[in-house]
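Novice: Attaching a predicted model along with its sequence, questions to come.
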Amino acid sequence: MPKIIYITTDGTRHEVDVENGYSLMEGAINNDIDGIVAECGGACACATCHSYVDDAWLDKMPPMDDMEDSMLDAAFERKDNSRLTCQIEVDESLDGLIIHVADNEY
């Protein structure tokens, strides 16, 4: 199982195993990671799973589709490395991925 590292807004680092085929959002929810609200349950309809991909991983991420890009326009403090964790499926290539959780509780 790939290990994903979530860093919450208070700086706490959580290293958790996430099953292949699960989204980064599901991995966060299943491991009680604070800040991933996921109001829409992963339907790419709310941007409350917004996070920042660590710069070292940007070139290794799957491409963003138009729906995710559009929904990120509604996210608070969108940056160049912003992604919706509900739209990224975990596989072995993401082992060690570092995700910085955005402030989604506004």
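Specialist: Everything's here; your move. Numbering: from 1, shown residues only.
Novice: and residue 6, that one's in a strand?
Specialist: Yes: counting by DSSP: H, G, I helix; E, B strand; the rest coil, residue 6 is part of a strand.
Novice: Touching, it and residue 101? I think so.
Specialist: Yes: judged on Cβ atoms under 8 Å, residue 6 makes contact with residue 101 at a distance of 6.0 Å. Yep, even glycine has a C-beta here, placed from its N, CA and C like the rest.
Novice: beta partners for residue 98?
Specialist: Note on residue 98: beta-bridge partners by DSSP bridges are residue 5.
Novice: Would you mind confirming that it is in contact with residue 54?
Specialist: Yes: if you go by Cβ under 8 Å, residue 98 and residue 54 touch, sitting 3.6 Å apart.
Novice: What pLDDT does the model give the spatially most central residue of the chain?
Specialist: When Cα atoms, centre = their mean is applied to the chain, the residue found nearest the centroid is residue 85 (2.9 Å). Residue-level confidence at residue 85 comes out at 98, pLDDT.
Novice: Please list all residues in contact with it.
Specialist: By Cβ atoms under 8 Å, 6 or more residues apart in numbering, residue 85 lies in contact with 23-25, 27-28, 36, 49-51, 99.
Novice: Could you identify which of those has the most neighbours?
Specialist: residue 49 (31 neighbours; other Cβ atoms under 10 Å).
Novice: where do the strands sit along the protein?
Specialist: 3-7, 13-17, 50-53, 82-84, 98-101 (DSSP state E).
Novice: ok, and for the second one, which residues are buried?
Specialist: Along strand 13-17, the positions that meet the burial threshold by neighbour count (16 or more other Cβ atoms under 10 Å) are 14, 16.
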